[in-house]
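Participant: Below is the sequence, then the predicted model.
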Amino acid sequence: MYDLSLNAWKVINSEKVTMDHRGLVEYDEKFLVIGRMGPNQTVLTTISHYTINQE
């Protein structure tokens with residue numbers, strides 16, 4: 001995650017591993033991941049959400 005106040009990237013832990021996102025939106029204090037790649041490079045139309053815990 002990029003921390004604007006530090007002007008640097010920050011490593012965070014996530015329970016879910018995702019890659020090749022189609023879109024990322026912040027909404028209601030959550031990050032929504034719209035679409036991604038699935039097994040055998042299948043394009044998925046799912047929406048997943050993540051909450052970032054500030055330390």
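Facilitator: In hand now; what should we look at? Numbering: from 1, shown residues only.
Participant: Now the residue most central in space within the chain: closest residue in space, sequence neighbours ignored.
Facilitator: The geometric centre of the chain, computed from its C-alpha atoms, lies nearest to residue 33 (Cα atoms, centre = their mean), at 5.3 Å. Nearest non-adjacent residue to residue 33, counting by Cβ to Cβ, 6 or more residues apart in numbering: residue 48, 4.6 Å away. To be clear about C-beta, it is placed using only N, CA and C from the backbone, and glycine gets the same treatment.
Participant: Tell me the bridge partners for the residue nearest to the centre of the chain.
Facilitator: residue 24, residue 48 (DSSP bridges).
Participant: Can you tell me how far it is from residue 5?
Facilitator: 23 Å (Cβ to Cβ, to the nearest Å).
Participant: I'd guessed residue 49 sits against residue 34; true?
Facilitator: No: using Cβ atoms under 8 Å as the test, residue 49 is too far from residue 34 to be in contact (10.1 Å).
Participant: Quick one: neighbours of the residue nearest to residue 33, just the number.
Facilitator: Neighbours of residue 48 under the rule other Cβ atoms under 10 Å: 15.
Participant: still on that earlier bit, thought the residue nearest to the centre of the chain was touching residue 24?
Facilitator: Yes: here residue 33 reaches residue 24: they are 5.8 Å apart, a contact under Cβ under 8 Å.
Participant: Mind pulling the model confidence for residue 7?
Facilitator: On the pLDDT scale, residue 7 is placed at 91.
Participant: same question, the one 10 residues further on
Facilitator: Residue 17 is assigned 63 on the pLDDT scale.
Participant: And residue 53, by the same measure?
Facilitator: Reading off the model, residue 53 has pLDDT 69.
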